[in-house]
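Peer 1: kindly return the folded structure for what I paste below:
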Amino acid sequence: MRYADLVFVDGDIHTMDSKKPRAKAIAFGGGRVLAVGSNAQAERWTGRGTKIVALRGRVVVPGFIDAHAHLMESASRLSNLRLHRCHSREEVLDVLRKGAARAKPGEWVVGDDWDETRWPEPRYLTRDELDRVSATVPIAAIRVDRHMAAVNSTGLGILSLPPDTRGFEIDASGHPTGVLKEDAFARIWDFIWPSPDRFAKSFPRVARAALALGITTVHDIVNETELRAYQIAKAGGHLPLRVYMMARDPLLPHFAAAGLARGFGDEWLRLGAIKVFSDGSLGARTAALLEPYADDPRATGHLIHSPDELRTLVARIHDAGFQAAVHAIGTARLRPSSTRWNARSPMGTVPGTGLNTRSCYTPSTSIG
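Peer 2: Numbers count the residues shown, from 1 in each chain. Got it, this is the predicted structure:
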């Protein structure tokens, strides 16, 4: 007989089973639930090495599943400057200035999570302002939505972006503002993205933070580097929660060529969905809207894929045996994408596949 490693008694245990929603005790052993019910039912599994915890009426619920996470990506931020607590542009620039003073030769200064809507003057950071922080150290200040950044002249010189890159903003005189959105913003990662080993080394810290909140499973959006980092973390015994990976869509052809599909892996780390970005974010003014933004009449956002392109891509995802997780924020994205799925659904060829619209943040009666 297997004995329990851990037994909780005298608790208020929520089972999520409609036929038996509450219990007083629960026994765990070998990574499995051995018994749920009365104190006596759980205590039958106790042995010499069993730890028994009296809950004294405290509540126990199943571990939470975060269905939209960037957990491994969060590991990359641990060494970056934190800007989320800054309540003004001046505070942000001061934090970046101190970071630039400590930077090693050739090292980028990266600041995360500034939010201009919390400042007295709610406008984006600019190249000119970051140039006053440092004219020699490359600086990238990433907005809280992670769909855009502001970069100084030194950084722009390193990036060498073609002026027609989508999201590369210029002013009325044709000079770069330093604001990079979507495609232009994505180029930054080639210079500041950590290696898989560095990700894996930092991951236990963010994993512990998730576990402390009761999160035991994440649906995590990953690129190739993060996927490799998860494998390194797991091989090293540093994966304390379950991960359902939502791989970014450029990885789809490689998975399909290798015959990999949803479910490949084990209970701790497995492939699940393919993440598709169909438009941008509201904060970057790149979420595709049916009408101009109220505070910027020139902007309506943009579609990353046309409706036909999106429909074809989702069909390919399902043909390969994956779920499709679609980032759809704006009203112009939601209406055509949802109506087309009603007209011709590519779902149902693989058990467990389906369309998940993730990050759907724009309620409106105009989208039908």
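Peer 1: and residue 285, what does it touch?
Peer 2: Remark: with contacts taken as C-beta atoms under 8 Å, 6 or more residues apart in numbering, residue 285 is in contact with 181, 293, 296, 299, 301. Yep, even glycine has a C-beta here, placed from its N, CA and C like the rest.
Peer 1: give me that answer again for 7 Å
Peer 2: Remark: with contacts taken as C-beta atoms under 7 Å, 6 or more residues apart in numbering, residue 285 is in contact with 293, 296, 299, 301.
Peer 1: which residue is nearest the centroid of the protein?
Peer 2: When C-alpha atoms, centre = their mean is applied to the chain, the residue found nearest the centroid is residue 70 (2.5 Å).
Peer 1: quick one: pLDDT of the closest residue in space to that one that isn't next to it in sequence?
Peer 2: What sits nearest to residue 70 in space, not counting adjacent residues and going by C-beta to C-beta, 6 or more residues apart in numbering, is residue 221, at 5.7 Å. Looking at residue 221, its pLDDT stands at 97.
Peer 1: tally of neighbours for residue 221?
Peer 2: The number of residues packed around residue 221, counting by other C-beta atoms under 10 Å, is 22.
Peer 1: please begin residue numbering at 560 from this point
Peer 2: From this message on, residue numbering opens at 560, which makes the last subject residue 780.
Peer 1: show me where the stretch 660-809 of the chain has helices.
Peer 2: Under the criterion DSSP state H, counting those that start in this stretch, the stretch 660-809 of the chain contains helices at 686-692, 712-718, 741-745, 748-751, 755-771, 783-794.
Peer 1: redo those as a markdown table? Include mean neighbour count.
Peer 2: Formatted as a markdown table, the entries for the helices of the stretch 660-809 of the chain read as follows, by neighbours: other C-beta atoms under 10 Å:
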| stretch | mean neighbour count |
| --- | --- |
| helix 686-692 | 20 |
| helix 712-718 | 19 |
| helix 741-745 | 20 |
| helix 748-751 | 13 |
| helix 755-771 | 17 |
| helix 783-794 | 19 |
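Peer 1: so how far is residue 829 from the residue nearest to residue 629?
Peer 2: For residue 780, the distance to residue 829 equals 15 Å [C-beta to C-beta, to the nearest Å].
Peer 1: can I assume residue 858 sits in a helix?
Peer 2: No: going by DSSP: H, G, I helix; E, B strand; the rest coil, the assignment for residue 858 is coil, not a helix.
Peer 1: how many other residues sit next to it?
Peer 2: Residue 858 has 14 nearby residues by other C-beta under 10 Å.
Peer 1: how about residue 627?
Peer 2: Residue neighbour count, defined by other C-beta under 10 Å, stands at 15 for residue 627.
Peer 1: angle of whichever strand or helix holds it against helix 755-771?
Peer 2: Residue 627 belongs to strand 623-628 when assigned by DSSP states H and E. The directions of strand 623-628 and helix 755-771 differ by 140 degrees, with axes from the mean of the first three to the mean of the last three C-alpha atoms, to 10 degrees as the criterion.
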